[in-house]
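Peer 1: A structural model of the following input is requested.
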Amino acid sequence: MTEPVPPERFRCSVAALERGDAPVGTAVPARYWMLVGHPGPWPPKPIQAPPLTEVGDDLSVQLGRFGARLQLIRRHGRLEGDLVEADGLQPVFLVDVRRGLVGRASWQTPEDLVALAGRFDDLPDPTDEPLLLVCTHGRKDVCCAIDGRVVAAVLDDALPGAVWETTHLGGDRFAGNVILLPEGSQYGRLTGDTALRVVLDHLDGRVDLDRWRGRCSWHPAAQAAAHDLMRTDASVRLRDLAPPRLEAAGDDAWLVHLDHGDRSSLRHVVRTMSAPHELTCGGAPKVQALFDVTTPG
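Peer 2: Model (predicted):
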């Protein structure tokens, strides 16, 4: 007797690719980031991880002063539950995307984190060296675990010291997800075959527009406008773009002013919402933002 074939498990990233979901305009909205070394296991939300729970309220208040995003990080290849470093310290990075700087420190007690969370105006040991975060948060979404760990392995082999596995980066359906800090660009749909090329090209000033989700310090409409400008004018590079200026043009509509070098461009962006879809492997159906970008006549 033939054994029944079990139903194939739903994968949000596969479904999103089949639907043709566009990644642009989905970069995590955060100008400040606190990256906390933590070997795991990682709960669904970083603030729920022991021993951060001991200072959860105070840490949330400090981060809230800046609107900073909390991420847990670890080196690729370390097993969940591994001991901390031999000296008992774990790394902490404070990222200011607006200034393009990363502060570097370490922590041993939860109270250390509360103190460091108040130092975005006074970054410890600042640098502009890039950090690459790869979402491998399997407890949040299975696609991130499956796709993210492959991407992390490939990038870590080529760029040792710069790559960290991290908790949820948003947009599970675009796994594997990577963000480059402190510059703030986020990419999705990276694979073991494409990740290194995309990252190295980006560091050299070339943007993969099929996989670029946007820049985390910009409004989603600005991300969509910048994407359209770079798509239609190959001479415009992301590094040449000043922070876009938005002008309201109605409900869910904007005029986006894009300055690049001695030139300026204008885009009209309208946001609508899709029909509900399963945007994560385990969540209820939700709508997603869609952006229509035109050039005013």
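
Peer 1: for Gly67, see how far away Arg98 is.
Peer 2: Plainly put, Arg98 is 11 Å away from Gly67 if you go by C-beta to C-beta, to the nearest Å. All C-beta atoms are positioned from the backbone trio N, CA, C, and that covers glycine.

Peer 1: need the overlap of contacts for the two.
Peer 2: Common contacts of Arg98 and Gly67 (C-beta atoms under 8 Å, 6 or more residues apart in numbering): Arg31.

Peer 1: so who does the closest residue in space to Arg206 that isn't next to it in sequence touch?
Peer 2: If you skip the residues right next to it in sequence, Arg206 has Arg237 as its closest partner in space, 7.7 Å away by C-beta to C-beta, 6 or more residues apart in numbering. Arg237 is in contact with Gly205, Arg206, Val207, Met230, His260, counting by C-beta under 8 Å, 6+ apart.

Peer 1: inside helices: which ones of these?
Peer 2: Met230 (DSSP state H).

Peer 1: now, which of the contacts of Arg237 sits nearest Gly170?
Peer 2: Nearest to Gly170 among those: Val207, at 19.1 Å, using C-beta to C-beta.

Peer 1: that closest one: neighbour count?
Peer 2: The local packing of Val207 (other C-beta atoms under 10 Å) involves 20 other residues.

Peer 1: for Asp240, same thing?
Peer 2: The burial count for Asp240: 14, using other C-beta under 10 Å.

Peer 1: list the contacts of it.
Peer 2: Asp240 neighbours (C-beta under 8 Å, 6+ apart): His260, Gly261.

Peer 1: so how far is Leu101 from it?
Peer 2: The separation that Asp240 has from Leu101, given C-beta to C-beta, amounts to 20 Å.

Peer 1: now do the SS call for Ile146.
Peer 2: Using DSSP: H, G, I helix; E, B strand; the rest coil, the structure places Ile146 in helix.

Peer 1: need the contact list for it.
Peer 2: Arg11, Ala175.

Peer 1: hmm, which two among the contacts of Arg237 are most spread apart?
Peer 2: Using C-beta to C-beta, the two most remote members of the contacts of Arg237 are Arg206 and His260, lying 15.3 Å apart.

Peer 1: so where's the stretch 101-250 of the chain uncertain?
Peer 2: The stretch 101-250 of the chain contains residues with pLDDT under 70 at 139-141.

Peer 1: show me where it has strands.
Peer 2: Secondary structure of the stretch 101-250 of the chain by DSSP state E, counting those that start in this stretch: the strands cover 101-107, 131-135, 163-166, 178-181, 185-187, 212-215, 245-248.

Peer 1: could the ones you listed go into JSON lines alongside distance to Arg75 and mean neighbour count?
Peer 2: Listed next are these as JSON lines, based on distance: least, C-beta to C-beta, whole Å; neighbours: other C-beta atoms under 10 Å:
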{"stretch": "strand 101-107", "distance to Arg75": "14", "mean neighbour count": "18"}
{"stretch": "strand 131-135", "distance to Arg75": "11", "mean neighbour count": "26"}
{"stretch": "strand 163-166", "distance to Arg75": "7", "mean neighbour count": "26"}
{"stretch": "strand 178-181", "distance to Arg75": "16", "mean neighbour count": "25"}
{"stretch": "strand 185-187", "distance to Arg75": "21", "mean neighbour count": "25"}
{"stretch": "strand 212-215", "distance to Arg75": "24", "mean neighbour count": "24"}
{"stretch": "strand 245-248", "distance to Arg75": "38", "mean neighbour count": "12"}
